[in-house]
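**Q** sharing a sequence plus its predicted fold:
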Amino acid sequence: MSRTPFDPFARIDRDTAQAILGEAVHGADDGELFLERSQAESLVFDDGRLRNSSFMAGQGFGLRAVRGAVSGYAHSTELTEAALRRAAATARLAVGDGGGTLALPPAMAPVNLYPAIDPAEGLPTAHRIEVLREIDAYARTADPRVVQVSVSMASALQEVAILRPEGTLATDTRPMARLNVTVIVENNDRRESGTAGGGGRHGLTALIDPGHWKPLVDEALRIALVNLRSVAAPAGVMDVVLGPGWPGILLHEAVGHGLEGDFNRKKASAFAGLLGQRVAAPGVTVVDDGTIEGRRGSINIDDEGTPPARNVLIEDGILVGYMQDRQNARLMGVDPTGNGRRESFAHMPMPRMTNTYMPGGDADPAAILADLKDGIYAVGFGGGQVDITNGKFVFSCTEAYRVKNGVVGDPIRGATLIGDGATALQQVRGIGNDMALDPGIGNCGKQGQWVPVGVGQPTLMIGGLTVGGSA
């Protein structure tokens, strides 16, 4: 992907845009003009050949006016004065007769968490396809039981500019790259799969180096072969040890969403009204941090122009804060936390996670496993469902093992973890010293919007989860 510098005001004078925005938010509490240019490219090599190649590019704006709990929003792919005036008239409907007091602009500080680069880094498409072919060949020769390989490579670039009514202009250029490998193995008419991958806010070059992708293939194959010898999962209430890194997706879903400001302002979260109270076992701390260099969930500014921060949500078991965008922060009488995010110019911002994780404790992970008398050890997760109002979750394990008397036994298949986030936090019995972040594979959905996120945690023991099995 090649690009020219993003000039959000190439088609309309900035002073004109500023004046139209001012008219839209007159008498409002807040508002902004969000301008975006984006492009994304992906290649999928499947079943020994290039299966799919796609490229998309787009641009547009979204204009918002906010008064109280009401937001007026309009967006368009046409950045002209006429389109802006139509959008302003629509957004203005939320303001009514006015009477609001326009919020102050966010305090800005220079942040540079990733380079403003073209993530494809000038790599010719033919070269990238040849790398995919090499990955496919390496996987197929790694083990005679490999019957199918799928490799995907993706790069994307999002450039945003946020103009506020008082004239502040905040900008960000957000690269993203990712490489994923799935291997399917077969033995005695039984087929199983394994997947490995990752990426972040950087270019493709590092991802397509053999020193990076060969270990990915080896890991995907290892998981597939583990699953090939798995036995049916047991069912019942038992203690569970979660591995470090990607299993933090359970924390993200079962706890993280419940700590977003909008759910708590509306009292729709299991954590609503509990600030200052114990909501987790001693030693449990939960952090959302958009300032970790190069991570999928990291941002130099959020989608309202607020800088990101390291926000402690739960500290030593005590609930100390929520994640906030500007609107919900104002309505709750607190400061925004840099968590106002949106999928694109066609969407309004809302409180969203960035990189959410649990810092490590002081326990030896091996000792935590040794203390597991009868349960399972889960190190990989697939899909899950969560009810925000009560925190109840169901997660499927993609790699898990039976453990008895501290001895890790057979891998198991068909295991699901069932519980609720608030109770699970209270039942944390061991926190390892091996905190790790995921490899860069997280996406988060909320109200139809998707944004990239990061998760992480150390090895954890949680008591009394319900395990849904296939035995």
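**A** Perfect, thanks for sending it.
**Q** for stretch 279-287, which positions count as buried?
**A** Neighbour-count burial for stretch 279-287 flags Val279, Ala280, Ala281, Gly283, Val284, Thr285, Val286, Val287 (criterion: 16 or more other CB atoms under 10 Å). To be clear about C-beta, it is placed using only N, CA and C from the backbone, and glycine gets the same treatment.
**Q** from Gln426, how far out is the first one?
**A** I take that to be Val279. 8 Å (CB to CB, to the nearest Å).
**Q** the fourth one now?
**A** Between Gly283 and Gln426 the distance is 12 Å, computed by CB to CB.
**Q** quick one: list the elements packing against the helix or strand containing Arg330.
**A** Mapping Arg330 onto the secondary structure by DSSP states H and E places it in helix 326-332. Counting by 3 or more CB pairs under 8 Å, 6 or more residues apart in numbering; DSSP states H and E, the packing neighbours recorded for helix 326-332 are strand 30-46, helix 261-265.
**Q** which parts of that helix are buried?
**A** Residues of helix 326-332 classed as buried: Arg326, Gln327, Asn328, Ala329, Arg330, Leu331 (neighbour count, 16+ other CB under 10 Å).
**Q** what strands line up against the helix or strand immediately after it in the chain, and which way round?
**A** Going down the chain from helix 326-332, the next helix or strand is strand 340-341, by DSSP H and E. Partner strands for strand 340-341, per DSSP bridges, with pairing direction: strand 350-351 (antiparallel).
**Q** which residues does Leu179 bridge with?
**A** The residues that Leu179 bridges to, once DSSP bridges is applied, are Met153, Gly198.
**Q** do you know how far it is from Tyr138?
**A** Taken as CB to CB, the spacing of Leu179 relative to Tyr138 amounts to 13 Å.
**Q** more neighbours: which of those two?
**A** Using other CB atoms under 10 Å, the more surrounded residue of Leu179 and Tyr138 is Leu179, with 24 against 17.
**Q** the stretch 351-471 of the chain: strands as residue ranges?
**A** Taking DSSP state E, counting those that start in this stretch to define them, one finds strands in the stretch 351-471 of the chain at 355-357, 374-387, 392-404, 407-413, 416-420, 428-431, 436-437, 442-446, 449-457, 460-468.
**Q** same thing with the stretch 101-250 of the chain?
**A** Residue ranges of the strands in the stretch 101-250 of the chain, as given by DSSP E, counting those that start in this stretch, are 146-163, 169-187, 190-200, 231-232, 236-242.
**Q** partners of the shortest one, with directions?
**A** Applying DSSP bridges, strand 231-232 is found paired with strand 407-413 (parallel).
**Q** so the strand it pairs with versus strand 392-404, what angle?
**A** Calculated by axes from the mean of the first three to the mean of the last three CA atoms, to 10 degrees, strand 407-413 forms an angle of 130 degrees with strand 392-404.
**Q** okay, buried residues for strand 407-413 please.
**A** Taking 16+ other CB under 10 Å as the basis for neighbour counts, the residues of strand 407-413 that come out buried are Pro411, Ile412, Arg413.
**Q** separation between the second one and Ala196?
**A** Counting by CB to CB, the gap from Ile412 to Ala196 is 20 Å.
**Q** pLDDT weak spots in the stretch 151-300 of the chain?
**A** Counting by pLDDT under 70, the stretch 151-300 of the chain contains no low-confidence range.
**Q** related to what we said a few turns ago, could I get the helices and strands packed on helix 326-332 as TSV with mean neighbour count and distance to Val241?
**A** TSV is the format used below for the helices and strands packed on helix 326-332 (neighbours: other CB atoms under 10 Å; distance: least, CB to CB, whole Å):
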stretch	mean neighbour count	distance to Val241
strand 30-46	22	35
helix 261-265	23	29
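**Q** make TSV out of these and add distance to Tyr73.
**A** Output for these, formatted as TSV (distance: least, CB to CB, whole Å):
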stretch	distance to Tyr73
strand 30-46	9
helix 261-265	15
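**Q** most tightly packed of the strands of the stretch 351-471 of the chain?
**A** Of the strands of the stretch 351-471 of the chain, the one with the most neighbours on average (mean count of other CB atoms under 10 Å) is strand 355-357, at a mean of 28.
**Q** strand partners (parallel or antiparallel) of that one?
**A** strand 286-289 (antiparallel), strand 449-457 (parallel).
**Q** in CSV: these, plus distance to Arg67.
**A** Supplementary listing: those in CSV, determined by distance: least, CB to CB, whole Å:
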stretch, distance to Arg67
strand 286-289, 28
strand 449-457, 22
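**Q** tell me which of the ones you listed lies nearest to Asp438.
**A** Comparing these against Asp438 with CB to CB, the closest turns out to be strand 449-457 (5.0 Å).
**Q** pull the CA atoms of that closest one into CSV?
**A** Listed in CSV are the C-alpha atoms of strand 449-457, where the atom choice follows Å, rounded to 0.1, in the frame of the first residue of the first chain:
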residue,chain,number,x,y,z
GLN,A,449,-18.7,-2.0,16.4
TRP,A,450,-15.3,-3.8,16.3
VAL,A,451,-12.0,-2.4,17.5
PRO,A,452,-8.6,-4.0,18.0
VAL,A,453,-7.6,-4.7,21.6
GLY,A,454,-5.0,-6.5,23.7
VAL,A,455,-5.4,-8.8,26.7
GLY,A,456,-3.1,-10.4,29.2
GLN,A,457,-2.7,-12.1,32.6
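**Q** quick one: contacts of that strand?
**A** 176, 242, 244-249, 251-252, 292, 295-298, 341-343, 347, 350, 352-358, 435-438, 440, 442-444 (CB atoms under 8 Å, 6 or more residues apart in numbering).
**Q** now with 6 Å?
**A** Residues outside strand 449-457 that contact it (CB atoms under 6 Å, 6 or more residues apart in numbering): 248-249, 251-252, 295-297, 341, 343, 347, 352-353, 355-358, 436-438, 442-444.
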